[in-house]
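K.L.:
take a look and give me a structure for this.
(one chain, ligands or ions: 2)
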Amino acid sequence: MPIVRNVSRAVSQLLQSSACGCGVSIVPVRCIGISPRQVASDASFHSVSFSESDHPRVLITGGLGQLGVGLAKLLRKRFGKNNVILSDIRKPADHVFYSGPFIYSDILDYKNLREIVVNNRITWLFHYSALLSAVGEANVPLARAVNITGLHNVLDIAAEHNLRLFVPSTIGAFGPTSPRDPTPDLCIQRPRTIYGVSKVHAELMGEYYHYRYGLDFRCLRYPGIISADSQPGGGTTDYAVQIFHDAIKNGKFECNLKPDTRLPMMYIDDCLKATLEVMEAPAEALSMRTYNISAMSFTPEELAQEVQKHVPELQVTYNVDAVRQAIGGYLFLGSG
Ligand SMILES: NC(=O)c1ccc[n+]([C@@H]2O[C@H](COP(=O)([O-])OP(=O)(O)OC[C@H]3O[C@@H](n4cnc5c(N)ncnc54)[C@H](O)[C@@H]3O)[C@@H](O)[C@H]2O)c1
Ligand SMILES: C[C@@H](O)[C@H](N)C(=O)O
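P.N.:
Residues are numbered from 1 along each chain as shown. Ligands and ions are numbered 1, 2, ... in the order given. From the prediction side, this is the model:
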């Protein structure tokens, strides 16, 4: 379901770093199965291995990126600080390290990941590790390993241990032959980036594991996410975050996309709220495993004009990056 918000309001909110609301459309479904590497399932495989009154025990992979720290903050408020473990292969900043449990986890290390899940009695896993669209094109073998092999590890461990698993997909999972305005949840997906291909693979593998092994797999296709206090990790939509930092720090911003490149975006609080809502939805309320979510679409030129209303001295120039521009040509999801 679309989250409608115009760019003007979003810019004000970002510059003030304030929060806002959103929603996800959810409709009915059911599923079945047994796990891939072991463990026979039973009829109640879909209810995760904690009782309704307990809080889930959460692991977030790739948690030090643009979205993970904010997600941990939201989930810790809801489920308690010690029930949410952030993990990554990078060293956390002090404020992250001291804000709650952090653990080293390389998703390419299957045994280590399984040990973490077992030792910490994990019941929900948010799989955020990935190489995004632009950095993925710069290193296809690594993107293939992290985004595809890493996903396989996570899927097997999640199925083996009856986890509820969230894997974000992206507007990058569409391609030039996908229908636009609106882009349905189910449509042609022939992306032309390793990032997009790996995310379509994740959507399909999650759906397959759901029907084959009963895995409680849930997925939302995020638009480009805009945040104030975390840096983006190398995507095509990064400019829409960088402009705020550069406007405030330098009064100058060099945009690596053409001024008229219209892309779907969403404010981080909306994205994380939607993510929690879809994870908390009762299994029978889900009719599919993967849903689109949307908020707004704008061009660099429109965003610059809005930011200039708050920072009038901001100077914007354009130095187009051919790879990002080519990817940006088919990142879409309705008109927002
Ligand atoms: N930020 C967006 O605009 C956006 C949009 C659509 C979808 N998504 C998806 O949301 C998720 C989180 O995005 P993000 O923006 O926080 O990404 P990010 O690039 O900022 O962070 C990804 C994290 O994964 C970690 N990582 C890389 N290799 C790893 C490995 N081998 N083991 C463990 N961790 C590893 C990195 O250290 C990094 O901290 C990703 O799956 C991404 O595809 C993000
Ligand atoms: C679109 C989204 O997946 C990410 N921000 C990227 O540009 O790669």
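
K.L.:
so the residue lying closest to Asp88 once chain neighbours are set aside, which of the three states?
P.N.:
Distances taken as CB to CB, 6 or more residues apart in numbering put Leu64 closest to Asp88, at 4.0 Å, once the chain neighbours are dropped. Where you see a C-beta, it was placed from the backbone N, CA and C, and this is true even at glycine. Counting by DSSP: H, G, I helix; E, B strand; the rest coil, the backbone at Leu64 sits in coil.

K.L.:
quick check: the gap between Tyr291 and Pro232.
P.N.:
Separation of Tyr291 from Pro232 (CB to CB, to the nearest Å): 23 Å.

K.L.:
hmm, I was thinking of Asp260
P.N.:
Per CB to CB, Asp260 is found 21 Å from Pro232.

K.L.:
which residue packs closest to the closest residue to ligand 2 within the chain, ignoring adjacent ones?
P.N.:
Proximity of the chain to ligand 2 (CB to the nearest ligand atom) peaks at Gly235, 2.4 Å away. Using CB to CB, 6+ apart and skipping residues adjacent in sequence, the residue nearest Gly235 is Leu132, 3.8 Å away.

K.L.:
looking at Asp260 and Pro232, which has the bigger crowd around it?
P.N.:
Set side by side, Asp260 and Pro232 show more neighbours around Pro232, with 21 against 9, by other CB atoms under 10 Å.

K.L.:
quick one: pLDDT of the more buried one?
P.N.:
With respect to pLDDT, Pro232 has a value of 94.

K.L.:
my guess is it contacts Phe244. True?
P.N.:
No: contact criterion CB atoms under 8 Å: Pro232 and Phe244 do not qualify, at 11.2 Å.

K.L.:
beyond the lengthiest strand in the chain, next helix or strand please.
P.N.:
Ordering each strand of the chain by length in residues (DSSP state E) puts strand 216-222 first. Using DSSP states H and E, the helix or strand that follows strand 216-222 in sequence is strand 224-226.

K.L.:
touching that next one from outside, list them.
P.N.:
Residues outside strand 224-226 that contact it (CB atoms under 8 Å, 6 or more residues apart in numbering): 10, 14, 66-67, 171, 232, 235-238, 240-241, 244, 263-268, 271, 331.

K.L.:
how does it look with 7 Å?
P.N.:
Strand 224-226 is contacted from outside by 14, 66-67, 235, 237, 240-241, 263-268, 271, using CB atoms under 7 Å, 6 or more residues apart in numbering.

K.L.:
and it with ligand 1, contact?
P.N.:
Yes: using CB under 6 Å from any ligand atom, strand 224-226 reaches ligand 1 at 224-225.

K.L.:
I'd like the numbering to begin with 607 instead of 1 from here.
P.N.:
Fine by me, first position is 607 from now on; the one you just mentioned is strand 830-832.

K.L.:
is Asn753 in a helix, a strand, or coil?
P.N.:
Asn753 - assigned by three-state DSSP - is helix.

K.L.:
so the residue lying closest to it once chain neighbours are set aside is in which element?
P.N.:
In this structure, Asn753 finds its nearest non-sequential neighbour in Ser804, 3.5 Å apart by CB to CB, 6+ apart. In the assignment (DSSP H and E), Ser804 maps to helix 800-819.

K.L.:
distance from that helix to the middle of the chain?
P.N.:
Mean-position distance between helix 800-819 and its chain equals 14 Å (CA atoms, centre = their mean, to the nearest Å).

K.L.:
who in the stretch 707-856 of the chain is up against ligand 1?
P.N.:
Proximity of the stretch 707-856 of the chain to ligand 1 (CB under 6 Å from any ligand atom) is limited to residues 711-714, 734-736, 738, 752, 756, 774, 776, 828, 830-831, 838-841, 843.

K.L.:
taking these one by one, which sit in strands?
P.N.:
776, 828, 830-831.

K.L.:
got the contact list for Thr867?
P.N.:
Taking CB under 7 Å, 6+ apart as the test, what Thr867 contacts is 905-906, 931, 934.

K.L.:
which of these are buried? Put it as a ChimeraX command.
P.N.:
Of the contacts of Thr867, the buried ones go into a single ChimeraX selection, burial set by 16 or more other CB atoms under 10 Å:
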select :905,906,934
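
K.L.:
max pairwise distance over the contacts of Thr867: which two?
P.N.:
Maximum pairwise distance among the contacts of Thr867 (CB to CB): 12.6 Å, between Thr905 and Gln931.

K.L.:
and for Asp715, the neighbour number?
P.N.:
Applying other CB under 10 Å, we find 15 residues neighbouring Asp715.
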